[in-house]
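*Asks:* Here is my input, please return the structure:
(chains A, B, C and D)
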Number of protein chains: 2
Amino acid sequence: MLDDLDRNLLEILVKDARTSLKDLASQVGLSSPSVSERLRRLEERGVIRAFTVEIDPLALGYTLQAIVRIRPLPGKLHIVQKLIEEIPEFGECDKVTGDDCFVARLFVRSIGDLDGILDRIADKAETSTAIIKAQPIRRRPPPLDATASRDRAKVLQG
Amino acid sequence: MLDDLDRNLLEILVKDARTSLKDLASQVGLSSPSVSERLRRLEERGVIRAFTVEIDPLALGYTLQAIVRIRPLPGKLHIVQKLIEEIPEFGECDKVTGDDCFVARLFVRSIGDLDGILDRIADKAETSTAIIKAQPIRRRPPPLDATASRDRAKVLQG
DNA sequence: AGATTTCGGTCGAGATCGTCCAGCATTTTA
DNA sequence: TAAAATGCTGGACGATCTCGACCGAAATCT
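*Replies:* Sure thing, here's the model as predicted:
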């Protein structure tokens, strides 16, 4: 489905999405029309979901991030989900198995804002909030190469 | 710190990081050298952390994602953190307050891989894993405009 | 106040880049 | 085996980016 050249291109673009076609071409050893065509098809197939920019939340005044686990009260699941989606300070939300129905990331400018936002869902769901103290790993894609983790584990043991 | 033009530029780039300077310029009403200079400074100041590409994990064979809460055993915190960082399938990890020390996102190709990876930290930490069933909100930046959430909340009530 | 520096902007020219097209080699299909 | 399809290259041309010269407003200095 993806060949080495595609993976190579993606790897470069993960580091800098504004790399010119010409540079991409010379780094992977193709001509720029070929690279252009490959990118077009990667987008078309949905492999590339978007070219985007990663912004430092601090620069926007968001001094605090929290992980919020959300357990809607009986019958409130849809309302709660809709509410979460509509609050732009939620920067990420996953619906998961287990007791906690949703796990979400919340950006806030202050502790006061945290309280204000959580109040808005407090009557429809139970929440547990954990303040983020540090980010050992910031968003990164999974390995692009085909090596399975177990293979590598073996190598590490051996 | 950030003016309207900067925010405007960021908004456009969040949607498409490969927008040409010329297009950016015409959309915000500046010349392209000015836009170029603004982007340079936004990068320099660290407001723009990176231009990157969002890849569909499915296209890379990762059919499963999980949120893993990790509680290192006494004295194992640093070893565990290092281990997490070194496992590339962890696509995100936050160090948080509360009982769970780390909350991480794990990309795996199969349930078997999930087990294999968690085994590697099983003797150094307690983990709780929640499989992601859906993603109501995929990674998005917090609001770029200065409007505080509470202001909006008031408007909604009023 | 008036002069000066700084800051951010425009414009235009030359350099660089992207896109289109024709042509070619390889692989797949009939 | 012939035909069609695929994916690549190179070159030409139009679009884009970058650089330097210049400009005006606002802040700073005397």
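*Asks:* In chain A, spot the strand with the most residues.
*Replies:* Looking only at chain A and at elements set by DSSP state E, the strand with the highest residue count is strand A:125-137.
*Asks:* which helices and strands sit right next to that strand?
*Replies:* For strand A:125-137, the elements it packs on are strand A:64-72, helix A:111-122, helix B:77-86, strand B:90-96, strand B:102-108, judged by 3 or more Cβ pairs under 8 Å, 6 or more residues apart in numbering or on different chains; DSSP states H and E. Where C-beta positions appear, they are placed from N, C-alpha and C, glycine not excepted.
*Asks:* quick one: low-confidence ranges for chain A?
*Replies:* Residue ranges of chain A with pLDDT under 70: A:147-158.
*Asks:* what does it put close to DNA strand C?
*Replies:* Chain A comes close to DNA strand C at residues A:Ser20, A:Leu21, A:Lys22, A:Asp23, A:Ser32, A:Pro33, A:Ser36, as judged by Cβ under 7 Å from any atom of the strand.
*Asks:* any idea how far B:Ser26 is from the fourth one?
*Replies:* What that stands for is A:Asp23. 25 Å (Cβ to Cβ, to the nearest Å).
*Asks:* got the buried residues for the longest strand of chain A?
*Replies:* Of the residues in strand A:125-137, those with enough neighbours to count as buried (16 or more other Cβ atoms under 10 Å in any protein chain shown) are A:Ala125, A:Thr127, A:Thr129, A:Ala130, A:Ile131, A:Ile132, A:Pro136, A:Ile137.
*Asks:* So which of those is the closest to B:Thr63?
*Replies:* The shortest separation between B:Thr63 and any of these is 21.1 Å, and it belongs to A:Ile137 (by Cβ to Cβ).
*Asks:* got the contact list for the residue nearest to that closest one when sequence neighbours are not counted?
*Replies:* Counting by Cβ to Cβ, 6 or more residues apart in numbering or on different chains, A:Ile137 lies nearest to B:Cys93, which is 3.9 Å off, once chain neighbours are set aside. When contacts are counted by Cβ atoms under 8 Å, 6 or more residues apart in numbering or on different chains, B:Cys93 touches A:Gln135, A:Pro136, A:Ile137, B:Ile84, B:Glu85, B:Phe102, B:Val103, B:Ala104, B:Arg105.
*Asks:* make it 6 Å
*Replies:* For B:Cys93, the contact set (Cβ atoms under 6 Å, 6 or more residues apart in numbering or on different chains) comprises A:Pro136, A:Ile137, B:Ile84, B:Phe102, B:Ala104.
*Asks:* farthest-separated two in those?
*Replies:* A:Ile137 and B:Phe102 (9.3 Å).
*Asks:* How about the contacts made by the residue positioned nearest the centre of chain A?
*Replies:* The structure's chain A has its C-alpha centroid closest to A:Arg139; by Cα atoms, centre = their mean the separation is 5.7 Å. A:Arg139 sits next to B:Glu92 when contact means Cβ under 6 Å, 6+ apart.
*Asks:* now with 7 Å?
*Replies:* Contact analysis of A:Arg139 by Cβ atoms under 7 Å, 6 or more residues apart in numbering or on different chains lists B:Gly91, B:Glu92, B:Arg139.
*Asks:* Likewise for A:Lys22?
*Replies:* Taking Cβ under 7 Å, 6+ apart as the test, what A:Lys22 contacts is A:Ser32.
*Asks:* What separation do you get for it and chain B?
*Replies:* Applying Cβ to the nearest Cβ, to the nearest Å, the value for A:Lys22 to chain B is 14 Å.
*Asks:* what comes up buried for the helix or strand hosting that residue?
*Replies:* When elements are defined using DSSP states H and E, A:Lys22 is found to belong to helix A:21-28. The neighbour-count criterion (16+ other Cβ under 10 Å) identifies A:Leu21, A:Leu24, A:Ala25, A:Val28 as the buried residues of helix A:21-28.
*Asks:* cool, stretch A:7-14 as well?
*Replies:* Burial within stretch A:7-14, assessed by neighbour count using 16+ other Cβ under 10 Å, is assigned to A:Arg7, A:Asn8, A:Leu9, A:Leu10, A:Ile12, A:Leu13, A:Val14.
*Asks:* Would that stretch count as contacting chain B?
*Replies:* Yes: counting by Cβ under 7 Å from any Cβ of the partner chain, contacts between stretch A:7-14 and chain B involve A:Leu10, A:Leu13, A:Val14.
*Asks:* The first one belongs to a helix, doesn't it?
*Replies:* Yes: counting by DSSP: H, G, I helix; E, B strand; the rest coil, A:Leu10 is part of a helix.
*Asks:* quick one: it and A:Pro142 touch, right?
*Replies:* No: in terms of Cβ atoms under 7 Å, A:Leu10 does not count as a neighbour of A:Pro142; the distance is 11.4 Å.
*Asks:* what is in contact with those two at once?
*Replies:* With contacts taken as Cβ under 7 Å, 6+ apart, A:Leu10 and A:Pro142 have no neighbour in common.
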